[in-house]
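Student: the following block contains a protein sequence and its predicted model.
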Number of protein chains: 2
Amino acid sequence: MSRRVTIADVAAAAGVSLMTVSRVVNNNGPVSETTRQRVLEVIAELGYRPSELARGLVTRRTRTLGVVVPDVSNPFFAGILRGVEQVAYAQNHNVFLCNTEESPERELTVLQSLEDKHVDGLILCSSRMEDEQLAKVLEGFDAVVLINRFLHGSRVATVLVDDQAGGRHVVEHLLRGGRRRIGFLDGPLSSQSGRLRKAGHRAALADAGLSYEDVPAIDCAPSVSGGLEGARRLLRQHPDIEALVCYNDLVAVGALQACFSLGRKVPSDVAITGFDDIELAALVHPPLTTCRVPRYEIGLRAARLLMQQIHADDEDVEDLVVQPELIVRASAP
Amino acid sequence: MSRRVTIADVAAAAGVSLMTVSRVVNNNGPVSETTRQRVLEVIAELGYRPSELARGLVTRRTRTLGVVVPDVSNPFFAGILRGVEQVAYAQNHNVFLCNTEESPERELTVLQSLEDKHVDGLILCSSRMEDEQLAKVLEGFDAVVLINRFLHGSRVATVLVDDQAGGRHVVEHLLRGGRRRIGFLDGPLSSQSGRLRKAGHRAALADAGLSYEDVPAIDCAPSVSGGLEGARRLLRQHPDIEALVCYNDLVAVGALQACFSLGRKVPSDVAITGFDDIELAALVHPPLTTCRVPRYEIGLRAARLLMQQIHADDEDVEDLVVQPELIVRASAP
DNA sequence: CTGTTAGCGCATTCAC
DNA sequence: GTGAATGCGCTAACAG
C-alpha cells in the first residue's frame, strides 16, 4: 500500500489550504499558533507523512546519498559504508549502496542510475574508471567525495589514507625493537597503497642509516596464500631475517603460517607485522601487530565532508588525509 | 548539476510531442519506425535520461528497494546485502541500505523513511521490533521479505536458515568420527538460532542413543572471549571431553585458544566445530570445521522473492528455508 | 497570517 | 500513429 493520506487530505480535514499544511510541515512561513496546532493534530491523527518523491521533484533535494564501492562484503568498504550511513541517518538522509564488483562498466551504470535517482551527493570508493571518463560522469552530481582515488585536474573532495606514514610507523617500531634484518612482503605493484607503504618503509630505513636496496623484499598477492608462499621463499633465501613487514593483514597471516610450517617461532625468531587491522588480526595466534586503517571513521568524515558540500553555497572543496595508527600486539612486541 | 535535458527538450529538438518521446523511451504505445529513430537519435545526442523521481511520482514505481540490517559491518549482513544488490542491479533497481544498530527505535525510523521514499520492496533482516508494531509498519510496504525473523499471524515472505539441520550435521559428523564425549558451548539462550542449533544437536545425540541430559554444556557470549572462558570452564569440569561443538565460529576460535592455553591438542585431544563459516574460520590454526550459512545466496534468494512479489498481481507469498552446509577442515576431520 | 496560481518531469486517458 | 489535456504530491512565488 503506498501512502494513502496526502497533504490534501490533511488540508481538507483541518479546513485549511494545502499551503498552510505545507508550512507547518516544513516549519517555514508564518502560521498562527492556533491553526498550526490544529493542523498538527490532524497530521498526527491521519498519520500523514509527506512523499519524499513529490517533495524531491520540486525542491530538487531528495535527502538521498549514493555510496559506490567495489564490494560491500569487503570489511573495509562495509566499515566505510557504516560510517556514511551513520551520519546520513543523523541528518535524515538515506543512502543508496552500489557494488561495482570491480567492473568499470558496472561502475558507470550504477553512477548513472544514481544520477537518475537525483541523489544529493555521492561517495565513490576506489573508482576503477579512467580519469577522463570519471571526471565527466561526476559532472552529473552536485556533491562528490572520492575515497582512495585521486582525480587530477578536477576539484573533487578526496579522502585518503596516509599509507606512507603507516608504512613508516611499522618499520620504525621494528627498528626500535632492535630488529635490523627486515624482510618485506610487498603486495602487488599495481596497488597504489602498496607503493605508498613501501615508500614509508624506505624512509624509515633511510632514517636508520639502512638502505632499502640491500633488503630482502618480494611482491606477492594480497592474500593469505600470497603471504604464505612469499614468506616461504623469502625465509629460505634469507634465513637471517628477524622480521617480516607485510603489505596487509592477510599477507601477514600467510607469513604466520609459513613461519609455523618452517618451525620459526613468532615473535622470538621472526617478528611479523600486518596492515589494516581487520578483525582477523586480533584473533590469530599470536595476534598481529598492525597499522589500523580507521574505516568507520573514514566513512564518517567523508560523509560529513559531503553533507558540508551539499549545504554550502560556494564551490570550495576540502580534502582529507586520515592517519593510520600502529597497533602493537604479540606478533611484534 | 541536476539533470539538464528533460523530455520536453527532446520533444522540441525532434519536432514531436512529449508523448511520442515518452513512448519510445518506455517502448510502449505505437510509434512509426521513422519517428522512433529520429527520437532515439536526439536522445542520444542530448544525452537524455528520464528522471526517476518524476517517473516514480506518476507510475508509483521507484525501482528502489530497501534493505534494513542491524549492522552492515557484520560480515553476515554484508554478504546478504551484496546478494540483494546483485539481483537489484540485474533488474535495474537501486537499494537503500539502513543500519538499525540494534535499536528498535532506529529501526522504526528507517522503516518510515523508506516508506516515505516509496521503495517498491523491503528486505528486513533480524528485526528487533515487537510483532504487533512490526506488522503495522510493514503495512506501509507493497512487498516485504523477512530474513531471520518470524512474524506470526501475518503473511509476509520469510527466508530462514535451517539451523536445526545444521546443528544436527555437526554432531553427526563428530559421532561418525568416533567422538562420543562431546561438550557444547551454546551461545546465548536469547538467540533463536542458538536454540534451533541446540535442538539439532540433541536430535543427533538421541539418534545415536545418547542423552543430551548427561552432556557437558554451557551458555556463553557469542564471541571469541565468550568461547575462551566457556571452553576453559568446560574443559576443567570435564577433562574427558573429546570434542567441543560451538555456537558459532567466533566461539570456536575462543575454544581453540582455550585448548592452546590448556595444552590440549586440536584435533587429536579435542576436536572443535564452529558455525557460519566466516572468513576467519579457514584462516585460524587449525582451520575450523564448521557449518556454512550461505549469506550471499540468502541475499540473492530473498531479493528474487521480493522482485517476484513486486511483479506479481496476487498476494501469494512464498517462504524459503536455506540449508547450511557442513565444511570439514582440520579442527575436526 | 492565509490562500491561489503555477509547475517540478513525466505517464496515463482520451481524442484526433 | 500522434497529440492535448490532466494530474501524481508537493512547494515557490505571489496575492490578499
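Tutor: Yep, it's here. Numbers count the residues shown, from 1 in each chain, chains lettered A, B, ... in the order given.
Student: report the contact partners of residue A:166.
Tutor: Counting by CB atoms under 8 Å, 6 or more residues apart in numbering or on different chains, residue A:166 touches A:197, A:200, A:275, A:291, A:293, A:323-324, A:326. C-beta coordinates here come from the backbone N, C-alpha and C atoms, glycine included.
Student: can you tell me which of the residues you listed is nearest chain B?
Tutor: Set against chain B, the nearest of the contacts of residue A:166 by CB to the nearest CB is residue A:293 (13.6 Å).
Student: next to DNA strand C, which bits of chain A? Give me the list.
Tutor: A:15-20, A:23, A:29-32, A:34-36, A:54, A:57-58 (CB under 7 Å from any atom of the strand).
Student: in PyMOL, how would I select the buried members of those residues?
Tutor: Command for PyMOL that selects the buried part of the residues of chain A next to DNA strand C, burial taken from 16 or more other CB atoms under 10 Å in any protein chain shown:
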select buried, chain A and resi 16+20+23+31+35+36+54+57
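Student: quick one: residue A:107 and residue A:68 touch, right?
Tutor: Yes - counting by CB atoms under 8 Å, residue A:107 does reach residue A:68; the two are 6.7 Å apart.
Student: okay, strands next: where are they in chain A?
Tutor: A:64-69, A:94-99, A:121-125, A:144-147, A:157-161, A:182-185, A:217-218, A:243-246, A:271-273, A:290-292, A:320-322, A:325-327 (DSSP state E).
Student: indicate which one of the ones you listed is closest to chain B.
Tutor: strand A:94-99 (4.3 Å).
Student: what helices and strands are in contact with that closest one?
Tutor: When contacts are defined as 3 or more CB pairs under 8 Å, 6 or more residues apart in numbering or on different chains; DSSP states H and E, strand A:94-99 packs onto strand A:64-69, helix A:75-90, helix A:104-116, helix B:75-90, strand B:94-99, helix B:104-116.
Student: can you pull up the most central residue in chain A?
Tutor: residue A:80 (3.8 Å; CA atoms, centre = their mean).
Student: which residue packs closest to it, ignoring adjacent ones?
Tutor: Spatial nearest neighbour of residue A:80, chain neighbours left out: residue A:299 (3.9 Å); criterion: CB to CB, 6 or more residues apart in numbering or on different chains.
Student: can you redo the contacts of residue A:166 as TSV with distance to residue B:242 and pLDDT?
Tutor: Below are the contacts of residue A:166 laid out as TSV (distance: CB to CB, whole Å; pLDDT from 0 to 100):
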residue	distance to residue B:242	pLDDT
A:197	45	96
A:200	49	96
A:275	39	97
A:291	41	98
A:293	42	97
A:323	49	97
A:324	44	98
A:326	42	98
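Student: surely residue A:245 and residue A:201 touch.
Tutor: Yes - using CB under 8 Å, residue A:245 makes contact with residue A:201 at a distance of 6.3 Å.
Student: more neighbours: which of the two?
Tutor: Just comparing residue A:245 and residue A:201: by other CB atoms under 10 Å in any protein chain shown the higher neighbour count belongs to residue A:245, 31 against 25.
Student: and among the strands of chain A, the most buried is which?
Tutor: When you average the neighbours per residue for each of the strands of chain A (mean count of other CB atoms under 10 Å in any protein chain shown), strand A:243-246 leads with a mean of 31.
Student: before we move on, back to that, and the residues of chain A next to DNA strand C near chain B, which?
Tutor: Filtering these for proximity to chain B (criterion: CB under 8 Å from any CB of the partner chain) leaves A:54, A:57.
Student: now, which of the residues of chain A next to DNA strand C lie close to DNA strand D?
Tutor: A:18-19, A:54, A:57-58.
Student: now, which of those residues lie within helices?
Tutor: A:18-19, A:54, A:57-58 (DSSP state H).
Student: would you turn those residues into CSV with pLDDT?
Tutor: Formatted as CSV, these follow (pLDDT from 0 to 100):
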residue, pLDDT
A:18, 94
A:19, 95
A:54, 97
A:57, 96
A:58, 96
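Student: contacting residues around the residue nearest to residue A:174 when sequence neighbours are not counted?
Tutor: Excluding its sequence neighbours, the residue lying closest to residue A:174 (CB to CB, 6+ apart) is residue A:243, at 4.8 Å. Neighbouring residues of residue A:243 by CB under 8 Å, 6+ apart: A:174, A:179, A:181-183, A:270-273, A:332.
Student: rewinding a little: pull the most distant pair out of the ones next to DNA strand D among the residues of chain A next to DNA strand C.
Tutor: Within those, A:19 and A:57 form the most distant pair, 17.1 Å apart (CB to CB).
Student: next, count neighbours for the closest residue to residue A:25 other than its chain neighbours.
Tutor: Using CB to CB, 6+ apart and skipping the chain neighbours, the partner closest in space to residue A:25 is residue A:50 (6.0 Å). When neighbours are counted by other CB under 10 Å, residue A:50 registers 17.
Student: how about the contacts made by residue A:128?
Tutor: A:70, A:100, A:102-104, A:107.
Student: rerun at 6 Å
Tutor: Going by CB atoms under 6 Å, 6 or more residues apart in numbering or on different chains, residue A:128 touches residue A:104.
Student: now residue A:230: closest residue in space, sequence neighbours ignored.
Tutor: residue A:220 (3.4 Å).
Student: typed the wrong thing, it's residue A:19
Tutor: Of all residues not flanking residue A:19 in the chain, residue A:29 sits nearest, at 7.7 Å (CB to CB, 6+ apart).
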